[in-house]
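**Student:** here is a sequence with its predicted model. Questions after.
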Amino acid sequence: MRVFVTGATGFIGTAVVRELLDAGHEVLGLARSDRAEAALAAAGARAHRGDLDDLDSLRAGAAASDGVVHTAFDHGLDDRTAGEGVIDGAGIDFAGAAAKDRRAVEALGEALAGSGKPLVITGGTSGLAAGRLATEDSVPEPDSLAGLRFAVEEAAMRFAGRGVRVSAVRLPPTVHDEGDHGFVPMLIAVARARGVSAYPGDGANRWPAVHRPDAAHLYRLAVERAPAGSRLHGVGEEGVPVRDIAEAIGRHLDLPVTAVPHEEAADHFGFLGPIFSMDVPASSEATRRRLDWHPAGLGLIADLDKGHYFS
């Protein structure tokens, strides 16, 4: 199968490309620069020039392939792990990012309409069922940030009725591995800047997590055999208490670990305050049964204890 992968040189996409190639598939990766094109060639994939704003390039890449995996998401941040602007939330326009993602998904779906080919998009588990165990059937409040991402998922699912084998892989707040530039490195940067590794409230609220190789394997299973309309949870651990995350960070940075009242979380963590305060456990039991997916990678704390996050 020739698979068109967006975000092919990103943190998630590089692992998906490797997983697909190792399974014997061909990969056509979206590349917006000479550097990205060279990286894809070095990995053994072909490059297709374009970006998320160039809808014609997305349609052409999809039309030239046997299926699509869409991992790209333009959140407005660059690949810095956490400068002051990142912590303050500078450059983040989530509503705009979701709108761009919807346009991209609809362009990909239109190119595949009537073909029976697979389209695997990316969603999230956060905010689906705050304070309760989210399942593949959970639906967020429509006016929430999670609702914005879910609206993209719903737009994609409509293509199931138009001859596209569409599925959505929902990822947890942290997909962890070497090279991560998401929330965990940002929390580490906050700890370094503040001189203390903190957690909100009593730290009992939970974050689900998954090791990047396990997530990549799920994307491959989805593109190979997920039924049309599938909502899949790429969750390896249902809920890691955020206090455990703060303690691991404090241990590696040799910093004290302390609680921050919920009402002060935004002042301490910046835009991460509300996110680190979320209690958003999520299950992947239905996904495991449906696709015979068995995540076996490192847990988040074990991955932190390897030390690479602190190099």
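**Tutor:** That came in fine, so what should we check first?

**Student:** any weak-confidence spans in this protein?
**Tutor:** Judged by pLDDT under 70, the chain has its weakly predicted residues at 76-91.

**Student:** helices of that one, start to end?
**Tutor:** Along the chain, counting by DSSP state H, helices occupy 11-22, 34-43, 55-63, 84-88, 94-112, 145-157, 183-194, 212-225, 242-253, 265-269, 272-276, 285-291, 300-305.

**Student:** let's have these in JSON lines, adding distance to V164 and mean neighbour count.
**Tutor:** Bear in mind the C-beta positions are built from the backbone N, C-alpha and C, glycine included. Shown next, in JSON lines, are these (distance: least, CB to CB, whole Å; neighbours: other CB atoms under 10 Å):
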{"stretch": "helix 11-22", "distance to V164": "19", "mean neighbour count": "22"}
{"stretch": "helix 34-43", "distance to V164": "25", "mean neighbour count": "15"}
{"stretch": "helix 55-63", "distance to V164": "10", "mean neighbour count": "19"}
{"stretch": "helix 84-88", "distance to V164": "36", "mean neighbour count": "15"}
{"stretch": "helix 94-112", "distance to V164": "5", "mean neighbour count": "19"}
{"stretch": "helix 145-157", "distance to V164": "9", "mean neighbour count": "21"}
{"stretch": "helix 183-194", "distance to V164": "32", "mean neighbour count": "20"}
{"stretch": "helix 212-225", "distance to V164": "12", "mean neighbour count": "23"}
{"stretch": "helix 242-253", "distance to V164": "38", "mean neighbour count": "20"}
{"stretch": "helix 265-269", "distance to V164": "40", "mean neighbour count": "17"}
{"stretch": "helix 272-276", "distance to V164": "32", "mean neighbour count": "20"}
{"stretch": "helix 285-291", "distance to V164": "18", "mean neighbour count": "17"}
{"stretch": "helix 300-305", "distance to V164": "34", "mean neighbour count": "18"}
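
**Student:** between those helices, which one is closest to G163.
**Tutor:** Closest to G163 of those, according to CB to CB: helix 94-112, at 7.9 Å.

**Student:** right, and the helices of the chain - which one's nearest P200?
**Tutor:** Of all these, helix 265-269 comes closest under CB to CB, at 4.5 Å.

**Student:** which other helices and strands does the closest one contact?
**Tutor:** helix 183-194, strand 197-200, helix 272-276 (3 or more CB pairs under 8 Å, 6 or more residues apart in numbering; DSSP states H and E).

**Student:** for L52, which of these is the nearest?
**Tutor:** helix 183-194 (21.8 Å).

**Student:** export the helices and strands packed on helix 265-269 to TSV and tack on distance to A160?
**Tutor:** Output for the helices and strands packed on helix 265-269, formatted as TSV (distance: least, CB to CB, whole Å):
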stretch	distance to A160
helix 183-194	31
strand 197-200	39
helix 272-276	31
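
**Student:** nearest to L21, of the ones you listed?
**Tutor:** Nearest to L21, of all those, is helix 183-194, at 26.9 Å by CB to CB.

**Student:** just checking, what packs against the closest one?
**Tutor:** Checking 3+ CB pairs under 8 Å, 6+ apart, helix 183-194 ends up next to helix 84-88, strand 174-176, strand 197-200, helix 242-253, helix 265-269, helix 272-276.

**Student:** let's see 6 Å
**Tutor:** helix 242-253 (3 or more CB pairs under 6 Å, 6 or more residues apart in numbering; DSSP states H and E).

**Student:** ok, back up a step: closest to L232 out of the helices and strands packed on helix 265-269?
**Tutor:** helix 183-194 (21.2 Å).
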